[in-house]
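J.: Provide a 3D model corresponding to the input given below.
(chains A, B, C, D, E and F)
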4 protein chains.
Amino acid sequence: MTQGAGSDHRSRPRRRGSELTAAIYDAVLAELATSGYGELTMDAIAKRAGTGKASLYRRWPTRTELVMDAVYATLPGEQDLPDTGSLRDDIVCTFTSIAAGLSGPVGAALRGLRGEALIDPTVAERVRDYSRSAALHTLRRIVDRAAGRGEIDASKLSPLRLAAGPAIMRNHFLFNDMEDFDIVSLVDEVIMPLLTHPTGSLQVRDI
Amino acid sequence: MTQGAGSDHRSRPRRRGSELTAAIYDAVLAELATSGYGELTMDAIAKRAGTGKASLYRRWPTRTELVMDAVYATLPGEQDLPDTGSLRDDIVCTFTSIAAGLSGPVGAALRGLRGEALIDPTVAERVRDYSRSAALHTLRRIVDRAAGRGEIDASKLSPLRLAAGPAIMRNHFLFNDMEDFDIVSLVDEVIMPLLTHPTGSLQVRDI
Amino acid sequence: MTQGAGSDHRSRPRRRGSELTAAIYDAVLAELATSGYGELTMDAIAKRAGTGKASLYRRWPTRTELVMDAVYATLPGEQDLPDTGSLRDDIVCTFTSIAAGLSGPVGAALRGLRGEALIDPTVAERVRDYSRSAALHTLRRIVDRAAGRGEIDASKLSPLRLAAGPAIMRNHFLFNDMEDFDIVSLVDEVIMPLLTHPTGSLQVRDI
Amino acid sequence: MTQGAGSDHRSRPRRRGSELTAAIYDAVLAELATSGYGELTMDAIAKRAGTGKASLYRRWPTRTELVMDAVYATLPGEQDLPDTGSLRDDIVCTFTSIAAGLSGPVGAALRGLRGEALIDPTVAERVRDYSRSAALHTLRRIVDRAAGRGEIDASKLSPLRLAAGPAIMRNHFLFNDMEDFDIVSLVDEVIMPLLTHPTGSLQVRDI
DNA sequence: CTCTAAACGAGACGGTACGTCCAGTCTTCGG
DNA sequence: CCGAAGACTGGACGTACCGTCTCGTTTAGAG
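T.: Numbers count the residues shown, from 1 in each chain, chains lettered A, B, ... in the order given. Modelled structure (predicted):
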């Protein structure tokens, strides 16, 4: 009694499964592009995708997970490593292409997800599971390959040294405009020096 | 005689100005401590502070600004620089004390503010105005002093090199647990090398 | 975070208290008139009244109670008894005016309320508290007055005999069209005979 | 080999036709008994009956019709008239057995159906088609038989007079507790007097 | 016995209304 | 005027059902 009516006058055939999922992903990205992450609502996504909220909640328990899936579906899988033969050029190449991917709605989404993770610890876990620092991950592989060529001594590198470049780039991505970021300088002034600097030369810790 | 229903029987004289402001700050921090940033609501703050929402909105246009004021009111002003005579030890000392300040409700608030800034560009501006990277700022002053002592050549340092250490620490603060973070390693493996590494020695850019 | 925005561009001054309540009652009756009880939704009422659902739920826990208040607010209080000097004419007069009141949106509402009471026992209680059978109640008073005049012997009347007329009328109101109902016949063929028939003349029970 | 995902491992042979219909009726009554009419949902009925909603909608266009069929399937067909030789005793007998049938889930269903009819005029029509006032219907046949015996003069009876008894009983059934209802008093104080009272003795209408 | 069409079971789909929560604004008193 | 209290408009939330649909499986009946 007195519940929803629900006559169905829409475009048959009804979408299901992956077809519908894809349409929802599109809707999420479209909403992100036009309104931004802060204005992203489940109602709007459902309306834009031409479906009902139930179909969203049936697949994703929270908005966060929906956005994660929508975003990561657009990201390339395992990056093809560039292979210039030079460690430095490989890094420049990789970081540049990653930076390119962080613009537009995808970048907005990633920022938003990170934002929610900062606000809600519950979300933080889920985001962490999903997110790999693409930059750090790829850098490690490039460095390993360079070590194979004998270009550097990877065994001497600490995780912290590898993390420095990606950390700076991520900070810039998150809190500044990605436009005014000079990747070449980052590589030459920070990343390469840390990769080649002799370990322990300044190990004054034990003095 | 017949007193109105919602009459006000509070005996304490009504608070005004800074007294009230301080009470509100306390309420904000208390809410942050018990519920976290995600559950922080204006209603709850007002109720806890024993005031009305209007008194909040009269002072702060948004929740974000209220939290910023509440948090920065608890932070120390210009940090007294430590002076150990050694660049490295000054840095270790400073970073350690900054890290200590980032725990508890204040840390939660800062994370939350950063989070909202990531979600809403409008908020981002306001947050940026307020927030200075304490670590970066202080590091610069310490380095300048060391340059005065002749310990290093500050003129050769690029902003990127200075930024690396604070960037790593911030990343860790934002997205990992601050507990398992080794400041000494950061200083010895990343910051110090970058400060002392000869500039341009690896400038293969022009090759 | 990410909760409703809520900018306020509406007609000030804002309505409160009884003014708002009256506007809501109007909205309920208007919705009843245009859509019927079955299509009555809280959303529609709120929209029509130009308020939010919260203001409805703040006042009434359920739609049923809202409708009851809205309807009973339009009903006249204690009916002025007609006084023709004749028992029969008083009854005809009263029943006719009651029947008149049961048409239009008010009638629809009463039917709807009764309907919900039949479906949900919880509602039934609330409805029972509100509703008095106006017909039965008034009939009793008229009969008592006639007894005062010596027209009949009220002490001999059983409640069941009084109930017959109102029961038939109510049944007709609830399950048939009120238009084709002949009150005069009801009075002459059922009510008056029962009021004047000697009690027990047919007490064959004990035979 | 590779079996489809949603394969069907149920061992029991699939039910069809009247076997399935009977199972659905059972489910409806079971739901009514455990949850009441208000909580009756098509989903729950389908689940309880171990079938799909499509099988319900294939048979009944609305929940109302389903419930009507389920309920009327349990009701006895044409009542065997009692035959005590006395009009009064026949009536008492009949009304008593009808009242007995109105308890339990069937009574709840009938109340619920009536309720929905009051809320939705569309439903009202369907319900009216189905429902015959068993009491009124049977009463008429008993009275006719008594007239045949010469016990009363049926030609003088108006429909309104016949309706009074059933109306009172129905009202009691719908809006009060059937337990505290005295059928004997109803018969002796209302029904019998109206059946035997000389018509028109009070016809003051034309005066 | 095989083949086909229909019915069956399960549940996803597009949709409406629910009742709750909070944002930000406004009103009403009392000091 | 400002403080305290809280009601107001509005919008999104996540849930429950609706009635329809699609999908694979089972069954009955025809050839």
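
J.: gap between the least confident helix or strand in chain A by mean pLDDT and the chain center?
T.: Least confident helix or strand of chain A, by mean pLDDT, DSSP states H and E, is helix A:121-130 with a mean of 81. Averaging C-alpha positions (CA atoms, centre = their mean, to the nearest Å) puts helix A:121-130 13 Å from its chain's average.

J.: Whether it contacts chain C - can you check?
T.: No - figure legend: helix A:121-130 not in contact with chain C (CB under 8 Å from any CB of the partner chain); closest approach 10.5 Å. For the C-beta atoms, the positions are set from N, CA and C on the backbone; glycine is no exception.

J.: what helices or strands is whichever helix or strand comes after that helix leaning on?
T.: Sequence-wise, the next helix or strand downstream of helix A:121-130 (DSSP states H and E) is helix A:134-149. Using 3 or more CB pairs under 8 Å, 6 or more residues apart in numbering or on different chains; DSSP states H and E as the contact test, the elements touching helix A:134-149 are helix A:87-101, helix A:159-175.

J.: and those helices as TSV, adding mean pLDDT and mean neighbour count?
T.: Output for these, formatted as TSV (pLDDT from 0 to 100; neighbours: other CB atoms under 10 Å in any protein chain shown):
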stretch	mean pLDDT	mean neighbour count
helix A:87-101	89	19
helix A:159-175	87	22
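
J.: would you list those helices in a markdown table and tack on distance to chain C?
T.: Formatted as a markdown table, these follow (distance: least, CB to the nearest CB, whole Å):
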| stretch | distance to chain C |
| --- | --- |
| helix A:87-101 | 25 |
| helix A:159-175 | 17 |
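
J.: Indicate which one of these is closest to residue B:26.
T.: Among the helices and strands packed on helix A:134-149, the nearest to residue B:26 by CB to CB is helix A:159-175 (29.0 Å).

J.: tell me the mean pLDDT for the next helix or strand after that closest one?
T.: Next in sequence after helix A:159-175, counting helices and strands by DSSP H and E, comes helix A:183-186. Helix A:183-186 shows an average pLDDT of 90 in the prediction.

J.: list the helices and strands helix A:183-186 packs on?
T.: helix A:87-101, helix A:159-175.

J.: the inter-axis angle of the last one versus helix A:87-101?
T.: Helix A:159-175 and helix A:87-101 are oriented at 30 degrees to each other (axes from the mean of the first three to the mean of the last three CA atoms, to 10 degrees).

J.: one step back: the helices and strands packed on helix A:134-149: which one's closest to residue B:108?
T.: Nearest to residue B:108, of all these, is helix A:159-175, at 18.0 Å by CB to CB.

J.: So which elements touch that closest one?
T.: So helix A:159-175, by 3+ CB pairs under 8 Å, 6+ apart, packs with helix A:87-101, helix A:104-119, helix A:134-149, helix A:183-186, helix A:192-196, helix B:104-119, helix B:159-175.

J.: what distance separates the longest one from the middle of the whole chain?
T.: Which is helix B:159-175. Helix B:159-175 sits 14 Å away from the centroid of its parent chain (CA atoms, centre = their mean).

J.: which stretches of chain A aren't confidently modelled?
T.: Filtered on pLDDT under 70, chain A yields the residue ranges A:1-12, A:77-79, A:132, A:198-207.

J.: Please enumerate residues in contact with the least confident helix or strand of chain A?
T.: With contact meaning CB atoms under 8 Å, 6 or more residues apart in numbering or on different chains, helix A:121-130 is reached by A:62, A:64, A:65, A:68, A:72, A:113, A:114, A:116, A:117, A:118, B:36, B:175.

J.: re the thing from before, would you turn the helices and strands packed on helix A:183-186 into TSV with distance to residue D:190?
T.: TSV is the format used below for the helices and strands packed on helix A:183-186 (distance: least, CB to CB, whole Å):
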stretch	distance to residue D:190
helix A:87-101	86
helix A:159-175	84
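
J.: Export the ones you listed as JSON lines, with columns for distance to DNA strand F.
T.: Formatted as JSON lines, these follow (distance: least, CB to the nearest atom of the strand, whole Å):
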{"stretch": "helix A:87-101", "distance to DNA strand F": "26"}
{"stretch": "helix A:159-175", "distance to DNA strand F": "23"}
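
J.: and residue A:75, what is it in contact with?
T.: Contact analysis of residue A:75 by CB under 8 Å, 6+ apart lists A:101, A:106.
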